[in-house]
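Asks: Just a sequence and a predicted model for now, questions to come.
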Protein chains: 2
Amino acid sequence: MSTDKIGTYKFVAEPFHVDFTGQLTMGVLGNHLLNCAGFHAEERGFGMAQLNNIHYTWVLSRLAIELKRMPMQYEKFSIQTWVENVYRLFTDRNFAILDAEGTPIGYARSIWAMIDMKTRKPADLISLHGGHITDYICNDKECPIAKPGHIKVNDTTSIGEHRALYSDIDINGHVNSIKYIEHILDLFPIDLFRNKHIHRFEMAYSAESYYGDTLSFCREQKNEQEYDIEVKKNGNETVCRSKVIFQ
Amino acid sequence: MSTDKIGTYKFVAEPFHVDFTGQLTMGVLGNHLLNCAGFHAEERGFGMAQLNNIHYTWVLSRLAIELKRMPMQYEKFSIQTWVENVYRLFTDRNFAILDAEGTPIGYARSIWAMIDMKTRKPADLISLHGGHITDYICNDKECPIAKPGHIKVNDTTSIGEHRALYSDIDINGHVNSIKYIEHILDLFPIDLFRNKHIHRFEMAYSAESYYGDTLSFCREQKNEQEYDIEVKKNGNETVCRSKVIFQ
């Protein structure tokens, strides 16, 4: 079992994973980040597979990604991940996205809870894995981006709808965390991505949605570059919120 | 440069790449197959990047996948690919999908053309790469599934529509080949995937669609297990056809 506190994983930006500008899509980057979180935890004995055996699972609560630039088609890059903090009910996991030379081109922050799959109640992280999760806290690795902030969408006019279909649903029977990212970015006209790139992207997950749910999307423009989005299911319950800052 | 005729590439079924039953999705498998085609061609000097330099590009015409079973979440598997034949205007490329022990769990066949990106006209494959592409023809590797067949959808009633959005569009400005697979499978109720698995899946690509195009989907049930689908853009032109055989 690896005791190194920082995990590093290599990737290449595949052709079907880039958008029309040749940049890796935010959904694919999010997928890679979550996979790295999984690899890192698994290698240290507190991954999904190990937790599933004891009826616990990790739940992603918040994700914030900030980028100088996205990897381009066929570009090699790597992702580093480490645990910044462990609290009783949450843990902070950070990421650095590095180009092929090892220079950071972006960072990300994530917040995770653990729940008991039977009771759906949060579990005590400090006692997890015999208390050993705290051994992996890495205090000396910098993550120079702001923590996920509070997102509030005042505009209640739906600007788009999507019925959750087969391709949206993950192994837990929920709309998968990455699909929300795709659906949210699909609210924007393609020309916006031609002229600008996403500088910062945040997701705050609050409830699960399921097959057949109708997702509706409200969006509020905060300033010239910044948009907040709220995703509701079946007209009322908030499923997630997102902030997109273009540059 | 590798001269081995068969390329072998390793994968693992990632958590966000499996459906609600834990099986790898057909879209992700399709993506892996096309990537393997790219790796294999690139390693032998006739990949996209090399062709782009001379203003040619590969165009996928047909894809047929037949499976005993799909890889399951976290399962390691590999994909082998090789060139079965090269004709003047088309080349046949086959695939085997192997489990971690190297036992085949599925096969695929694909048909590709090459076009001149300036004139959009097909190019002569025999003369490509100094005629060396034919050196890679592999006659002795078996691909025991039927070739892609003719797909004809008589029912002209649209059962679904999708407007092509940002996430659908690839670096060429077209709806990406994999997204059609997702949209086609989203036509089926989720219960079908609970009780059956896809035994055979075919795609026949005939035209490109673009951002903002409205894709409409017609479906004809051929027998209890078999469905043909036609995707049209903006109400008239056929973009692609698909056959899905459940088991």
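Replies: Right, received. Where do you want to start?
Asks: The closest residue to residue A:12 other than its chain neighbours and residue A:14, how far apart?
Replies: Of all residues not flanking residue A:12 in the chain, residue A:76 sits nearest, at 5.1 Å (CB to CB, 6 or more residues apart in numbering or on different chains). C-betas here are computed from N, CA, C, even on glycine. In this view, residue A:76 and residue A:14 are 11 Å apart by CB to CB, to the nearest Å.
Asks: The residue nearest to residue A:12 reaches residue A:24, doesn't it?
Replies: No: if you go by CB atoms under 8 Å, residue A:76 and residue A:24 don't touch, sitting 11.6 Å apart.
Asks: okay, those two: which has more neighbours?
Replies: The neighbour comparison of residue A:76 against residue A:24 (other CB atoms under 10 Å in any protein chain shown) goes to residue A:24, with 24 against 13.
Asks: May I have the beta-bridge partners of the more buried one?
Replies: Beta-bridge partners for residue A:24, by DSSP bridges, are residue A:18.
Asks: Double-check it against residue A:69; I have them as touching.
Replies: No: contact status for residue A:24 versus residue A:69: not in contact, 9.9 Å apart, counting by CB under 8 Å.
Asks: in what helix or strand does residue A:124 lie?
Replies: Under the criterion of DSSP states H and E, residue A:124 resides outside all helices and strands.
Asks: Quick one: residues contacting it.
Replies: A:88, A:89 (CB atoms under 8 Å, 6 or more residues apart in numbering or on different chains).
Asks: Kindly report the same for residue A:7.
Replies: A:36, A:39, A:40, A:43, A:80, A:81, A:82.
Asks: switch to 10 Å and redo it
Replies: Contacts here follow CB atoms under 10 Å, 6 or more residues apart in numbering or on different chains; on that basis residue A:7 touches A:36-37, A:39-44, A:79-83, A:95, A:136.
Asks: Would you mind measuring from it to residue A:38?
Replies: Residue A:7 sits 10 Å away from residue A:38 when distances are taken as CB to CB.
Asks: packing partners for the helix ranked longest in chain A?
Replies: For chain A, the longest helix by residue count, based on DSSP state H, is helix A:26-43. Applying 3 or more CB pairs under 10 Å, 6 or more residues apart in numbering or on different chains; DSSP states H and E, one finds that helix A:26-43 contacts strand A:7-12, helix A:48-53, strand A:56-67, strand A:76-86, strand A:91-99, strand A:104-116, helix A:177-185, strand A:198-205.
Asks: For the helix or strand of chain A with the lowest mean pLDDT, buried residues please.
Replies: Every helix and strand in chain A was compared by mean pLDDT, DSSP states H and E; the lowest is helix A:48-53, with a mean of 78. Across helix A:48-53, burial judged by 16 or more other CB atoms under 10 Å in any protein chain shown covers A:48, A:51.
Asks: what about it and chain B, any contact?
Replies: Yes: Helix A:48-53 lies within reach of chain B by CB under 10 Å from any CB of the partner chain, at A:48, A:49.
Asks: same check, this time on stretch A:148-167
Replies: Yes: Stretch A:148-167 lies within reach of chain B by CB under 10 Å from any CB, at A:160, A:163, A:164, A:165, A:166, A:167.
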